[in-house]
Each structure stands twice: as C-alpha cells, then as structure tokens.
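Visitor: Quick one: sequence plus predicted model below, questions after.
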Amino acid sequence: ALSDARKALSSTKKALADAERYQRDQAEAYASLRRCVDGANAPIVAVDRYGLITRWNKKAEEVFRCPSESALRRPFSDFLEHG
C-alpha cells in the first residue's frame, strides 16, 4: 500500500510540474505575441463577436488618434468613416 501511495504521489508531482511548465510556456507565448502586436508598424485591432474592440496597438492609437484606454470595449464601427 505504501508503494502505491508513493507512486501516486510521484505521478501527482509530475502532473503538477507539467502543468506549471505549460502555464509558463503559455505566458511566454502571450508575452511574445503582445510584443509583436505592440511593436507592429501597422494598426492592429482585435474585436469580439459583437464588434467591440478588445485589443488596440500603438499604431492604431496613432492612426485613429485615440488612446487604447478610450478605444477598448467600444464598437469598432465608431472609428470607421461612413459615407
């Protein structure tokens, strides 16, 4: 019984280490993508399925003359020329 408990503990420790490694990898990938988006020389705007802005990079701030704090959660259609 003690041997089974040790095996179970070892398996649990490995699963936790794998989960932590996965979380770290995901965080690094997100940070890398964020640097690419923020450093892009083109406006990048992400919208959700309702057309609300969820991401707005520095170039978008320049092109649309609106800081990201003011653009986020607004409809992207607010920034398009009509007519």
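Guide: Arrived safely.
Visitor: shaky segments in this protein?
Guide: Across the chain, the ranges flagged by pLDDT under 70 are 82-83.
Visitor: can you give me the strands in it?
Guide: 45-47, 53-56 (DSSP state E).
Visitor: most packed of the ones you listed?
Guide: Across these, the average number of neighbours (mean count of other CB atoms under 10 Å) peaks for strand 53-56, which reaches a mean of 19. For glycine as for every other residue, the C-beta is placed from the backbone atoms N, C-alpha and C.
Visitor: Quick one: list the elements packing against it.
Guide: strand 45-47, helix 68-71 (3 or more CB pairs under 8 Å, 6 or more residues apart in numbering; DSSP states H and E).
Visitor: re earlier: how about the strands of the chain, which one is nearest Arg73?
Guide: Nearest to Arg73, of all the strands of the chain, is strand 53-56, at 6.6 Å by CB to CB.
Visitor: Which residues outside the closest one are in contact with it?
Guide: Here strand 53-56 makes contact (CB atoms under 8 Å, 6 or more residues apart in numbering) with 37, 44-48, 66, 68, 71-76.
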